[in-house]
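Enquirer: structure for the following, please:
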Amino acid sequence: MSPRKSATRHLTAALALALITLSQPTPARAQEGADRDPAGGGFNIAVGNNGLSFGNSSRFNGLRINWSDEYLERINGVNLTLWRPGEDVGGTINGFALGVVHPYADEVNGVSLGLGTVAGRRMRGIHAGLLAAVSEGEIQGVGVGGLAVVSQGRVSGVGIGGLAVVGQSSLRGIGIGGLAVVNQGDIAGIGVGGLAVVGQGDVSGLSASLLANVAQGDIRGVSATGLALVSQGDISGLAFGGLANVAEGDVTGVSASLLATVSQGGMRGIHLSGLALVSMGGFTGIQLGGLAVVSESDPISGISLSLGKVQTDDEIRGLTFAGYKVEGDGLSGANLAIGWLDADEMSGLNVGAYTRARDTQRGLSIGVFNHAQVLEGIQIGLLNHAENNPPGLRWLPILNIHF
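Expert: Numbers count the residues shown, from 1 in each chain. Prediction:
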């Protein structure tokens, strides 16, 4: 045999021996796999745990292809699973987790893709499921689900679900759901739901939906919805409820609605409503209510305009115009009504068809008929009545004066 042919034969034998050696699991790992899962293990073309693995190897670096994952410890690289995982998977996948059905591990760090993608404790990176991206713990990064993104922990980053983004802790970042974004904690960042955005905590940042934005805490930032904006706490920032804005606390900033904005607290800022603005705690700023601006027991201050009525059981201060009536315990500033001004105390300029000071009028009143129990100013009208004037001067046309 020639030396060349002999060398070639020896080299071929050496390569074959090396391939057979590399394809066997190391004794330590083979024993570990046998201890954990008698049916486990894998056919590996590898140096140590590095290379190419076929089967259920529990620790591997490189490309791992398996029918069904179980008893994972740590996979670094690319993990491809052809069928659904077993009952006891655990472990961590770092890199790419790809599944025909759905990849699964306690922690998935990197990118995961499949019919669904699931993590037992935490997802980090980019995770997309044709049906859903689901974490029994946190989602950090980007989660995309054809139907839903679901997390039993916190969602930090971006969640996009064809139907819904659902969390049981908090959402911080961007949540977009074809029907709804729902969280049992706070929603902070951007929440967009086709029908609703619902938080059992605070909703802050930008929230938008076609039907309703609802928070059991506060709503802060920019919030817009086709029907109703409802908060069991405060509403602050820019709020637009297609039909109504409702807060059990204060409403602060700019709010607008076609029907009503209702607050059990106070309202400060600029508020516009097609029918009514109703506050249990008074107004400060600019109020425009189509038919009514009403405060139950606290002052109305600033600029108040209504085609119907501006009313409070306390004082009205500033510039006020009403088509029908301005009514309060006290009126100060400039108050104008096509119909009726009615208060215990009046001061400043008061103009209406009928001005009535049940107690004292100070300043100037102009009307068809002006009445004051105590006049300390000027009345101009067709008929003027000042009860504190001498008997012959109590009822006077055109002008009545008492200082």
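Enquirer: next, the buried residues of stretch 91-100.
Expert: 91-99 (16 or more other Cβ atoms under 10 Å). In short, each C-beta sits where N, CA and C put it, glycine included.
Enquirer: out of those, which comes closest to Ala256?
Expert: Ala97 (46.8 Å; Cβ to Cβ).
Enquirer: what's the pLDDT at the closest one?
Expert: Per-residue pLDDT puts Ala97 at 96.
Enquirer: any idea what it is bridged to?
Expert: Ala97 forms beta bridges with Asn79, Ser112, as assigned by DSSP bridges.
Enquirer: repeat that for Val222.
Expert: Bridge pairing for Val222 - DSSP bridges - gives Leu206, Leu238.
Enquirer: between the buried residues of stretch 91-100, which is nearest Phe240?
Expert: So of those, ranked by how close each gets to Phe240 (Cβ to Cβ), first place is Ala97, at 41.9 Å.
Enquirer: for the closest one, what are its contacts?
Expert: 79, 81, 103, 105, 108, 110-114, 117 (Cβ atoms under 8 Å, 6 or more residues apart in numbering).
Enquirer: rebuild those residues as CSV, extending it with neighbour count and pLDDT.
Expert: Below are those laid out as CSV (neighbours: other Cβ atoms under 10 Å; pLDDT from 0 to 100):
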residue, neighbour count, pLDDT
Asn79, 28, 95
Thr81, 25, 94
Pro103, 29, 92
Ala105, 28, 95
Val108, 30, 97
Gly110, 19, 96
Val111, 19, 97
Ser112, 30, 96
Leu113, 19, 97
Gly114, 24, 95
Thr117, 30, 94
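Enquirer: buried ones in the host helix or strand of His127?
Expert: Assigned by DSSP states H and E, His127 belongs to strand 104-135. Residues of strand 104-135 classed as buried: 104-114, 116-130, 132-135 (neighbour count, 16+ other Cβ under 10 Å).
Enquirer: since we're on Gly185, how many residues are nearby?
Expert: 19 (other Cβ atoms under 10 Å).
Enquirer: that one and Val203 touch, don't they?
Expert: No: with contact defined as Cβ atoms under 8 Å, Gly185 does not count as touching Val203 (10.5 Å).
Enquirer: residue contacts, Asp359?
Expert: Contacts of Asp359 (Cβ under 8 Å, 6+ apart): 344-345, 373-374.
Enquirer: please tell me how far it sits from Thr92.
Expert: As for Asp359, its distance to Thr92 is 78 Å (criterion: Cβ to Cβ, to the nearest Å).
Enquirer: go on, Val149?
Expert: Counting by Cβ to Cβ - Val149 and Thr92 are separated by 21 Å.
Enquirer: cool, Val197 as well?
Expert: 33 Å.
Enquirer: then Gln184?
Expert: 27 Å.
Enquirer: and Gly392, by the same measure?
Expert: Noted for Gly392: a distance of 100 Å to Thr92, by Cβ to Cβ.
Enquirer: before we move on, what about Leu52?
Expert: Using Cβ to Cβ, Leu52 is found at 20 Å from Thr92.
Enquirer: can you map out the strands along the stretch 301-403 of the chain?
Expert: Using DSSP state E, counting those that start in this stretch, the strands of the stretch 301-403 of the chain run over 309-312, 315-322, 325-346, 349-386, 395-402.
Enquirer: sorry, back to before: and the contacts of Asp359 as a markdown table, adding pLDDT?
Expert: Listed next are those as a markdown table, based on pLDDT from 0 to 100:
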| residue | pLDDT |
| --- | --- |
| Asp344 | 97 |
| Glu345 | 97 |
| Gln373 | 97 |
| Val374 | 97 |
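Enquirer: sec struct for Gly249, please.
Expert: Following DSSP: H, G, I helix; E, B strand; the rest coil, Gly249 is assigned to coil.
Enquirer: so it sits against Arg220, correct?
Expert: No: Gly249 lies out of contact with Arg220 (Cβ under 8 Å); the separation is 11.2 Å.
Enquirer: those two: who's more crowded?
Expert: Looking at Gly249 and Arg220 with other Cβ under 10 Å, you find the greater number of neighbours at Arg220, namely 22 against 19.
Enquirer: wasn't that one part of a strand?
Expert: Yes: applying three-state DSSP, one finds Arg220 inside a strand.
Enquirer: tell me the spacing between it and Thr320.
Expert: Note on Arg220: its distance to Thr320, by Cβ to Cβ, is 30 Å.
Enquirer: low-confidence regions, the chain specifically.
Expert: 1-41 (pLDDT under 70).
Enquirer: Leu375: what's it in contact with?
Expert: By Cβ under 8 Å, 6+ apart, the neighbours of Leu375 are 357, 360-361, 386-389, 400-402.
Enquirer: can you rerun that using 7 Å?
Expert: 361, 386, 388-389, 400, 402 (Cβ atoms under 7 Å, 6 or more residues apart in numbering).
Enquirer: then Asn389?
Expert: Asn389 sits next to 375, 402 when contact means Cβ under 7 Å, 6+ apart.
Enquirer: ramachandran coordinates for it?
Expert: Dihedral pair for Asn389: phi -80, psi 160, per degrees, to the nearest 10.
Enquirer: ok, back up a step: could the strands of the stretch 301-403 of the chain go into CSV alongside distance to Glu296?
Expert: Below are those laid out as CSV (distance: least, Cβ to Cβ, whole Å):
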stretch, distance to Glu296
strand 309-312, 7
strand 315-322, 13
strand 325-346, 12
strand 349-386, 20
strand 395-402, 34
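Enquirer: out of the ones you listed, flag the one nearest Leu179.
Expert: It's strand 309-312; of these, that one is closest to Leu179 (Cβ to Cβ) at 40.1 Å.
Enquirer: what's the burial count for the residue nearest to Ala337 when sequence neighbours are not counted?
Expert: Nearest residue to Ala337, sequence neighbours excluded (Cβ to Cβ, 6 or more residues apart in numbering): Gly352, at 3.9 Å. Look at Gly352: counted by other Cβ under 10 Å, it has 25 neighbours.
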